[in-house]
Structures are given as structure tokens and as C-alpha cells.
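In: 3D, please:
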Amino acid sequence: GWMEYKRSRDFGKTWEPPMIYTYSKQYFQLDINTSVMAEKAVVTNDGTIVIFHLLCDISENPLWEPYRVPTYSRSFDQGLTWSKAEEIDKDCGRIYDAVYYEKEIFVLKFCNDARINWTGCLPEHQYKIYVSNDSGASFHKRSVIPFSTYGRGYGTLCFLKNGDLIAYCYNSADEYHADYVISHDSGRTWEKPEKAYFAKKLRNPQMIAFGDGYLMHGRSGNTEPDAGNFVLYYSENGIEWDDGRILAKCEAGYGAYSNSIIVDEPNRERVYIHSSHAYADNKTNILAWWVDKI
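Out: Sure thing, here's the model as predicted:
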């Protein structure tokens, strides 16, 4: 199939009818065994929306691998139309996160084509930071994150209150601990990797700063006990996390792929979170939550 999306003009209270994401549907109609999915997006100060795509080969088994070169598009009219898709670089892989901070877009890309495995298994499988300071008109590589990538995958970026940049990735061999690393100079150099503990496990992590602390959400791992739930954690410092709470129990196949965004309503700031949820086998729909400051 192809991607469709909805727009809201009232801070998420109501949604317009779905719109076809033309770039994704065009690939479907070409019948070349490539699926285009949109995983991340940012909005810059000038109103430009930059959306990042995962391109998957769907002719082989497993169905969504290997990965092709990811792309991105821009919209200058609040998502009504989109620019021609561009590549950040020529490496196959997956863009796991994108954040906008102090007029720069920061992109976390895992350069691994998933021909052997979607987690890292070769020395050239690296997490890289790319940056744009012109609202996505161009990107340049800023650094390679010093993660040991063997058995690692997924990832998230977040700026801490003191201006440090933190990056997390998933360890398939230890779902109770996620690797993290901190940069004090906006991703130019990095400290040595450390580990953070997650009491209910954590896969495909998504981190966001909110209020006086930080939220982290994702799937409660793929290994029993209690695999496949959608779980939300809170931290005051972005490193030490509470015991978490389950927002949605796994009922069928695995879902719990999620995203979140700060919504600045007049006189109120909220977090909107949504997650895929499997209702039959691995067929999914979307569940959504609002998080308010207390």
C-alpha cells in the first residue's frame, strides 16, 4: 500500500479527511517492489515541514528488508504539497530520528542496509549525525556516534535542559538496558557510551523533553515476560528513568511503533503521542494519548 495523512488546524482536536502522500503512492504504482514510509518529521522556524522516508525492498523475506537509500521531502504550505524527494547521502539505511533545535535540524541515521540483519553486524554499520541549518535545503555529516553497533538498532535524539545532546539506541541482547551517549557541542564530539535501565524493557525508543523532565516511550521488548506492550517512562534528567507504565497491552501481533510531538496550544503546552496497535495478527491501527503538565 501507500501512506496517507491527516492535517489538524485546531491543535489536534479535529482532523481533516485523509490525504494521499503522492510520493509513496507513486512508488506503489511503479510496481518495483519498493515501499515508501514516512517515519519522522520536523517543523522549522520559517514553517517548513521536513519529512523523512524509509524505503524498503518488499520482494524478499523478511518483507521490509533490505533498506534502500532513505530520502526526505519538504512542504512550504502546511503539508498541502511536497517537494521532490532528496537524499541526505548515498548510504542505504534508516533515519531513526530527527529533531529541530536552535535553527538546526539534527538527523540520526543508521547506515545499515539490513541485508544481513537489521541490527548492526559489520564494522561499517554506523550511527551518523547529519545537520541542516537551512530548513532542509541541504544536509552535511557532523559526526559518527561511538556506539558499538553489533546487535544494536533503532535510536532517538533529544536535547537536554543544559543544551547537551543525548542519543539512545536499542540493544537486542539486553532489552532492560539501552545504550546512550552525550555530546556537549551539538553532536560534534561524544563522551563514551553508557547504559540506562528500563524496568519494563524498551525497544524502538522515542524520547522527548517536556515540562521539567523527559518522556521515553516504545515497545516493552520482544522477549517474555510482558513483551509487545506500549510503555511510557519518565525521567527528571534523561538518564535515570522511573518504573514506567503500560499505556496499551499487546493483544495480537506486535505493534507499539510510536511518535510524539509538543503541541503549543494558546496558554497550554501538551504532548501528543500515538502508537501503532495490532488488533488482529499484525494488522494495526493507531492509538493516541495526550500528556498534560501537572
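In: let me know the pLDDT of D281.
Out: Note for D281: predicted pLDDT of 86.
In: use 556 as the first number for this chain going forward.
Out: Okay, residue one is now 556; in that scheme the one you just asked about reads as D836.
In: so what's it up against?
Out: With contact set as Cβ atoms under 8 Å, 6 or more residues apart in numbering, D836 has these partners: A807, G808. Heads up, the C-betas are built off the backbone N, CA and C, glycines and all.
In: partners of the top strand by length along the chain, with directions?
Out: Assignment by DSSP state E gives strand 823-835 as the longest strand of the chain. Sheet partners assigned to strand 823-835 using DSSP bridges are listed as strand 813-820 (antiparallel), strand 838-847 (antiparallel).
In: between those, which one is closest to C676.
Out: C676 lies closest, by Cβ to Cβ, to one member of the strands paired with strand 823-835: strand 813-820, at 25.7 Å.
In: end to end on stretch 797-806, go ahead and measure it.
Out: 25 Å (Cα to Cα, to the nearest Å).
In: buried sites along the longest strand of the chain?
Out: Of the residues in strand 823-835, R825, V826, Y827, I828, S830, S831, H832, A833 count as buried by neighbour count, 16 or more other Cβ atoms under 10 Å.
In: could you dump it to PDB, C-alpha only?
Out: What follows is strand 823-835, C-alpha atoms only, in PDB (Å, rounded to 0.1, in the frame of the first residue of the first chain):
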ATOM      1  CA  ARG A 823      -1.000  25.400  27.300                       C
ATOM      2  CA  GLU A 824       1.700  23.000  26.200                       C
ATOM      3  CA  ARG A 825       0.900  19.300  25.700                       C
ATOM      4  CA  VAL A 826       2.500  16.200  24.300                       C
ATOM      5  CA  TYR A 827       0.600  14.200  21.600                       C
ATOM      6  CA  ILE A 828       1.700  10.500  21.500                       C
ATOM      7  CA  HIS A 829       0.500   8.000  19.000                       C
ATOM      8  CA  SER A 830       1.400   4.300  18.600                       C
ATOM      9  CA  SER A 831       0.600   1.500  16.200                       C
ATOM     10  CA  HIS A 832      -1.600  -1.200  17.800                       C
ATOM     11  CA  ALA A 833      -2.100  -4.700  16.400                       C
ATOM     12  CA  TYR A 834      -5.800  -5.700  16.600                       C
ATOM     13  CA  ALA A 835      -5.500  -9.000  14.600                       C
END
